[in-house]
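>>> make a model of this:
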Amino acid sequence: MSQGRPISMDKERVSFNLAKLRKGGNTFEVVIDPDNAIAYKKGGDVDIKDVLKGEQIFFDAKKGVFASETEMKSLFNSSEPLKVADIILKEGEIQLTTEYREKLRDEKKRRIIAMIHRNAMDPKTKLPHPLVRLENAFEQAKCKVDEFQSAEEQVGDVVKALRALLPLKIEQILLQIHLPPQYAHQAYGVLKRMGGIKQETWGTDGSLVVKLQVPAGLQEEVMGKMNSMTHGGVEIKSLGEVQ
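Numbering: from 1, shown residues only. The predicted model follows:
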C-alpha cells in the first residue's frame, strides 16, 4: 500500500460519503456506503465489508492520500484496514455528501408525514388530515429531520410540533416486549426513541421486559425492528389500546 502519497482519482469519485476520526494529530478516513455505515454505527447486523467502498485507510480520501501504516500501528495498535476501519466507524463521525443528506432527509420527511396520515385523525371529523395539510403544517412548524435517525424515532417529536397547528388524535397501544440478555441494552435505547416506556423489569440474567406505548400504526415497525436486532429472539405481545 502507498503511504502518504497521492494517487489519481477520477471525477465521479470526487464526492465521497466518509467516516472520519481525528487521532494523534491526523485525520483517518474510510469511504463508505452511507446506509450500511449508519446501520453499522448503530450496532446493526452489518458486515463491515458491506460498509466500506474499499479496504483502504486514508489521510485524505478525496486527494487519494493513504494513511501511514506506521501511524496506524502506533495509534490503533494495528495496520489491518478492517480493524482500523471498525474503530473509525464506531468512534468517528459519518460525513455524508450534501446531495445524499438532502435525499435522506426528504425520504424520511415523506415517511414521517405518511405515518402521521395513516395513524392520526382530526378528533372533530374522525377523518385523517389530507397529506397536503400535513405537509403545509410540517413546513409552518419548521420541523427538522435528522438523517441519522429513523422516521419511527422522529415521528413523536413531529406530532408534538404539529399539534400546535392541527388537532391530532393518535390511537395508542401498549406492547409487552421480552428481550434476551445479549440484546437488551442495545434494544432498550432503540425502544426509548420509538415510544414511551411505561414499565421495565430487568432480570438477573440481564434480560429485559418492557411495556412500551406506541401509536397503533407503529406496531409492525417495532416488531420488525426488534426481530431484526435480536435475530428473532424477541417476544412481543399486544396489551391492547391505551385509553
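>>> backbone dihedrals for the closest residue to Ser207 other than its chain neighbours, please?
What sits nearest to Ser207 in space, not counting adjacent residues and going by C-beta to C-beta, 6 or more residues apart in numbering, is Pro181, at 4.7 Å. No exception for glycine: its C-beta is placed from N, CA and C like everyone else's. Dihedral angles phi and psi of Pro181 (degrees, to the nearest 10) take the values phi -60, psi -40.
>>> same question, the one 3 residues further on
For Ala184, the backbone dihedrals (degrees, to the nearest 10) come out as phi -60, psi -50.
>>> domain-wise, how is this protein divided?
Using automatic domain parsing, the domains assigned to the chain come out as 11-95, 98-169, 172-241.
>>> pLDDT averaged over the last one - what is it?
Translated: domain 172-241. Throughout domain 172-241, pLDDT has a mean value of 91.
>>> then the second one?
Per-residue pLDDT values over domain 98-169 give a mean of 91.
>>> quick one: the helices in the protein?
According to DSSP state H, the chain carries its helices in the segments 34-41, 48-51, 69-76, 81-91, 98-119, 131-140, 151-162, 181-194, 219-230.
>>> can you put those helices in a markdown table and add distance to Glu171 and mean neighbour count?
Shown next, in a markdown table, are the helices of the chain (distance: least, C-beta to C-beta, whole Å; neighbours: other C-beta atoms under 10 Å):
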| stretch | distance to Glu171 | mean neighbour count |
| --- | --- | --- |
| helix 34-41 | 30 | 20 |
| helix 48-51 | 38 | 16 |
| helix 69-76 | 50 | 17 |
| helix 81-91 | 38 | 19 |
| helix 98-119 | 7 | 16 |
| helix 131-140 | 17 | 15 |
| helix 151-162 | 12 | 19 |
| helix 181-194 | 16 | 16 |
| helix 219-230 | 11 | 17 |
